[in-house]
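In: model the structure of this input:
(one chain, ligands or ions: 1)
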Amino acid sequence: MLAKTPPMGWNSWNTFAQKVNEEIVLGAVDALVEKGYKDAGYEYIVIDDCWSLKNRDKDGKLVPDPEKFPRGIKYVADYVHSKGLKFGIYSCAGVRTCAGYPGSYGHEYTDAKTFAEWGVDFLKYDFCYFPASGDNKNAYLTMSMALKASGREILFSACNWGTDEPWKWMRSVGVHMYRSTGDIYDNYKSFTDIIQSQEDKFCMSAPGCFNDPDMLIVGMHGIGHVGEGCGYEGCTDTEYESHFVRWCLCSAPLMIGGDIRNMSPFCEKLMQNKNLIAINQDEEARPPYRIDATSFQWSPKEVFIKHLSNNRFAIAFFNHADKETECQIFFQEAGIPYYSGVTFDITDALTDEHIGVIDQDYFKANVPSHGCRIFTAEFATR
Ligand code: GLA
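Out: Presented below is the predicted three-dimensional model:
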């Protein structure tokens, strides 16, 4: 089964966009292995848009740009496989990709076969230049079928930015993850708006097909395409922590968009945090349950509990205010009234510090501005 848990990997777009080339991709492969990401669970290396020539060859096949990929795409895929990783590429359901390269509309079966021959394990499939006469759902179904008929097992990562409520049909057309929003930018408001827009949709995310609120911006610090390239200055480390924790809490795919060859130690450690990745990869993939009755629009605090497998839980506090604040969870609101005699034994998931068995009927913690705290909890008796 593909995408049994949320897919994890690296994608070239957020930082490199049209500058992607063989040297960058092979460098990312080496960094994934040598800097610990592979051991932490990251698996896919994905080349996004801008890898091909602007025209197909005389047989109608896509042609890798020989300046960017002088040894072709198969060479890159082989290199990725030689490191025990999986390889992904990008195309588009429309007649052109978003950056103007040939799209797969009307060429789905040829392109799927080409990808299979090259050793592709993952296809991101975008939605630009889609003909007005085209059928959105049928286009994704057609490529899904083409991939399945290609003879190779290829994870299908759809990217139609939420058009036609993809959470209602992407699973049934065989997709393994689907972008549900417009593009993320290296900015606090961008990622909080994105994740909040999907809060009531994560109930449709489950093993085999996950809602994808877009690639990570962790550690970009304004460098790259979706940062300074689009007029954004980047986030603070505290904000990146909130972003990564929120993606983990929502069982979102973890596709790193930063330059992993040169990541800051803080962000490298964050994206390899074993407790957070275990929460993200929990096999039950349950959506978080909101405890605070208020919505973000009129409360700067958000409090969630997420059920994990084996009677374990994650408790998360987020603070959108511009100063530190105290967040709390009353256990009664989490289904544990005081008279039950049951309480939680709590560990800080970010620091791994064991906090212990909580005697009161609530648990509280200080949360920095734009920051978060996340804990794992197990049952205990008072
Ligand atoms: C769209 C997608 C992005 C990226 C670019 C490439 O904007 O949403 O994630 O793939 O296209 O051009």
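In: quick check: buried residues in stretch 229-238?
Out: 229, 232, 234-235, 238 (16 or more other C-beta atoms under 10 Å). The way it works is simple: take the backbone N, C-alpha and C, and place the C-beta from them, glycine included.
In: how about that stretch and the ligand, touching?
Out: No. Figure legend: stretch 229-238 not in contact with the ligand (C-beta under 6 Å from any ligand atom); closest approach 10.7 Å.
In: contact partners of that stretch?
Out: Outside stretch 229-238, the residues that touch it by C-beta atoms under 8 Å, 6 or more residues apart in numbering are 17, 185-188, 190-191, 217, 220-223, 226-228, 243, 264, 266-267, 270, 368-371.
In: mind giving me the packing neighbours of the top strand by length along the chain?
Out: Counting by DSSP state E, the longest strand found in the chain is strand 372-381. Judged by 3 or more C-beta pairs under 8 Å, 6 or more residues apart in numbering; DSSP states H and E, strand 372-381 is in contact with helix 237-249, helix 274-280, strand 312-319, strand 342-348, strand 362-367.
In: swap the cut-off to 6 Å and go again
Out: The contact analysis (3 or more C-beta pairs under 6 Å, 6 or more residues apart in numbering; DSSP states H and E) places strand 372-381 against helix 237-249, strand 312-319, strand 342-348.
In: show me what stretch 197-213 is in contact with.
Out: 3-4, 6, 167, 171, 175-181, 194-195, 250-253, 285, 287 (C-beta atoms under 6 Å, 6 or more residues apart in numbering).
In: buried ones among the residues you listed?
Out: Buried among the contacts of stretch 197-213 (16+ other C-beta under 10 Å): 3, 6, 167, 171, 175-181, 194-195, 250-253, 285, 287.
In: tell me which of the residues you listed fall in helices.
Out: Those of the buried ones among the contacts of stretch 197-213 mapping onto helices are 194-195, per DSSP state H.
In: so what pLDDT did the closest residue to the ligand within the stretch 251-382 of the chain get?
Out: Closest residue of the stretch 251-382 of the chain to the ligand, C-beta to the nearest ligand atom: G257 (8.9 Å). With respect to pLDDT, G257 scores 98.
In: wait, it sits on S12?
Out: No. Using C-beta atoms under 6 Å, G257 is not in contact with S12; the gap is 8.5 Å.
In: ok so, going back, what about the residue of the stretch 251-382 of the chain closest to the ligand, how many neighbours?
Out: Neighbours of G257 under the rule other C-beta atoms under 10 Å: 26.
In: just give me the neighbour total for M1.
Out: Neighbours of M1 using other C-beta under 10 Å come to 8.
In: oh, and call the first residue 35 from now on, that's how I've got it
Out: Sure thing, new numbering starts at 35, so read that last one as M35.
In: just give the nearest non-adjacent residue to it, would you?
Out: Once flanking residues are discounted, M35 sits nearest to G242: 6.4 Å by C-beta to C-beta, 6 or more residues apart in numbering.
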